[in-house]
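Asker: got a predicted model here, sequence first, then my questions.
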Amino acid sequence: MAMCRIGAIKSLNYVHPSQALLLMQSQQKGHDNSGFAMVMHDLGGIFESYKHLPTLSLACTDEGLKVAEDILHAAGFSRVLQWVPETNDQPGLDINAMPNYVFETFDYPKHYRKAEQKEKEELLLDMRLKLRRALEKDEMGFVYSFWPDVVTLKEIGDPRDIGTYFNLWEPDNKFTARVITAQCRQNTNYDIVRYAAHPFFLQGYTALANGENTFYLKNVEAQRKMHRGYIGFESDSQCFLYTLHYVHRELGWPLRYYKHVITPLPFEDIERREDKDQLLAIRQSLAHLEINGPNTIIGVLPDNTLFTCCDAKKLRPVVVGRSADTVVISSEVCGINEVLPDRDWETDIYPHEREIVAVDSNLEVQRWRQ
């Protein structure tokens, strides 16, 4: 795997994706023009009044759009908002575009409107998996997320041209969010599959990574059996998302234990700990979710907490910079300089290989040592 560039912005104010493009552009190296993708949580603009309803993020052919809408309609979903971004298809752009990009917000089927939150969340996952299966035939479409208060855009091509195509260089107040994670990737040795582009999203969780996971096959074999939503495995970094979802949502453990699962402490360190029983249990029951190799992970939780952590040897850089109203995480400090040029550089955090740095909704930054 080649180096990717990853970044995240979390703000008290609504931020336009042009900021994420700037964050990425300053880190550009040669030949990394194979794509740009982003996930936006906590939406402003036209989506702000519909935070409680799920929005579908879909790139598809005309036929794919019809298939998707028929499936949702048959399940009882009714559309309340449709936003089709104005695209700017000028000659010479390096972008492998799909015919349609659709962001549609739906009301739940009638018999689900009073359902428990968990029940709605399972329904949304099942619908997304169903849509994905239906659209896989002839590559009719790609369903990136179907979730309240989240939109996802992934495209193949040069990030700058993708920004131009979607008119994302010009800030406006229609399309904004308080949390944006983004990645540009270099050409890899694999075929470029749209689903393989980070960030990855599942039931309110987002994760993206810079680097590689040499325990990928071990992770995949375990995860395939753990949850119906753990599918695809087009990239070794998808495992980071599935482990996050499993530890935090399925097992209900606090975020700080995520690090203990992916980079467990040596046994002699565990022995000295008050929570050694829990940590030994993790090492025994979740050993197959350990990861290895050089990587940095950035993640978002359903409550919009943003966090980052590194591999146990810290072989990939990451830095956290902040101003009064915004926190930026970037694989290189030049990205933060672009977005927050006036911040106090002295307060930049370079996460330690044994910690998670987490940012809550008040932008309080917490550092949890393993």
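Answerer: Now that the structure is in, tell me what you want to look at. Note that the structure is a prediction, hence the values are computed from the model and not measured. Residues are numbered from 1 along each chain as shown.
Asker: please, where are all the helices along the stretch 251-370 of the chain?
Answerer: 256-262, 267-271, 276-285, 333-339 (DSSP state H, counting those that start in this stretch).
Asker: in the second one, which residues are buried?
Answerer: Yep, that's helix 267-271 we're talking about. residue 270 (16 or more other Cβ atoms under 10 Å). For the C-beta atoms, the positions are set from N, CA and C on the backbone; glycine is no exception.
Asker: repeat that for the third one.
Answerer: Of the residues in helix 276-285, those buried by neighbour count under the rule 16+ other Cβ under 10 Å are 279, 282-283.
Asker: so residue 137 belongs to a strand, correct?
Answerer: No: going by DSSP: H, G, I helix; E, B strand; the rest coil, the assignment for residue 137 is helix, not a strand.
Asker: for it, grab the count of nearby residues.
Answerer: 11 (other Cβ atoms under 10 Å).
Asker: gap between residue 90 and residue 100?
Answerer: Noted for residue 90: a distance of 18 Å to residue 100, by Cβ to Cβ, to the nearest Å.
Asker: and those two? Which one has more around it.
Answerer: residue 100 (16 against 9).
Asker: if we can go back for a sec, could the helices of the stretch 251-370 of the chain go into JSON lines alongside mean pLDDT?
Answerer: Converted to JSON lines, these look like this (pLDDT from 0 to 100):
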{"stretch": "helix 256-262", "mean pLDDT": "96"}
{"stretch": "helix 267-271", "mean pLDDT": "94"}
{"stretch": "helix 276-285", "mean pLDDT": "92"}
{"stretch": "helix 333-339", "mean pLDDT": "92"}
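Asker: export these to JSON lines and tack on distance to residue 123?
Answerer: As requested, those are exported to JSON lines (distance: least, Cβ to Cβ, whole Å):
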{"stretch": "helix 256-262", "distance to residue 123": "26"}
{"stretch": "helix 267-271", "distance to residue 123": "40"}
{"stretch": "helix 276-285", "distance to residue 123": "29"}
{"stretch": "helix 333-339", "distance to residue 123": "37"}
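Asker: out of those helices, the one nearest residue 157 is which?
Answerer: helix 333-339 (20.2 Å; Cβ to Cβ).
Asker: what about that closest one, distance to the chain center?
Answerer: 20 Å (Cα atoms, centre = their mean, to the nearest Å).
Asker: which residues are contacting that helix?
Answerer: Helix 333-339 has contacts (Cβ atoms under 8 Å, 6 or more residues apart in numbering) with 5, 7, 9, 19, 22-27, 319, 321, 326, 328, 330, 343, 348.
Asker: same question, stretch 264-283
Answerer: 257, 260-261, 287, 290, 354, 370.
Asker: what's the most distant pair in those residues?
Answerer: It's 287 and 354 that sit farthest apart of these, by Cβ to Cβ, at 18.5 Å.
Asker: which one's more surrounded, those two?
Answerer: residue 354 (16 against 13).
Asker: the spatially closest residue to the more buried one that is not a sequence neighbour: neighbouring residues, count only.
Answerer: Leaving aside its sequence neighbours, residue 354 sits nearest to residue 370 (Cβ to Cβ, 6 or more residues apart in numbering; 4.2 Å). Residues lying near residue 370 (other Cβ under 10 Å) number 19.
Asker: which pLDDT value belongs to residue 370?
Answerer: According to the prediction, residue 370 has pLDDT 91.
Asker: contacts only, for it.
Answerer: Per Cβ under 8 Å, 6+ apart, neighbours of residue 370: 256, 259-260, 263, 265, 354-355.
Asker: any quick PyMOL command for the buried ones out of those residues?
Answerer: Command for PyMOL that selects the buried part of these, burial taken from 16+ other Cβ under 10 Å:
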select buried, resi 256+259+260+263+265+354+355
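Asker: out of the helices of the stretch 251-370 of the chain, nearest to residue 152?
Answerer: So among these, helix 333-339 is nearest, using Cβ to Cβ, at 20.7 Å.
Asker: please point out which parts of the closest one sit buried.
Answerer: 333, 335-339.
Asker: ok, residue 214 touching residue 295?
Answerer: No: using Cβ atoms under 8 Å, residue 214 makes no contact with residue 295, being 9.5 Å away.
Asker: compare those two (neighbour count), which wins?
Answerer: Neighbours were counted for residue 214 and for residue 295 using other Cβ under 10 Å; residue 295 has more, 25 against 13.
Asker: which ones are touching the more buried one?
Answerer: 209-213, 237, 240, 310-311, 315-316.
Asker: repeat that with 10 Å
Answerer: If you count contacts by Cβ atoms under 10 Å, 6 or more residues apart in numbering, residue 295 has them with 1, 4, 209-214, 236-237, 240, 262-263, 309-311, 315-316, 318.
Asker: I appreciate the help and will end here.
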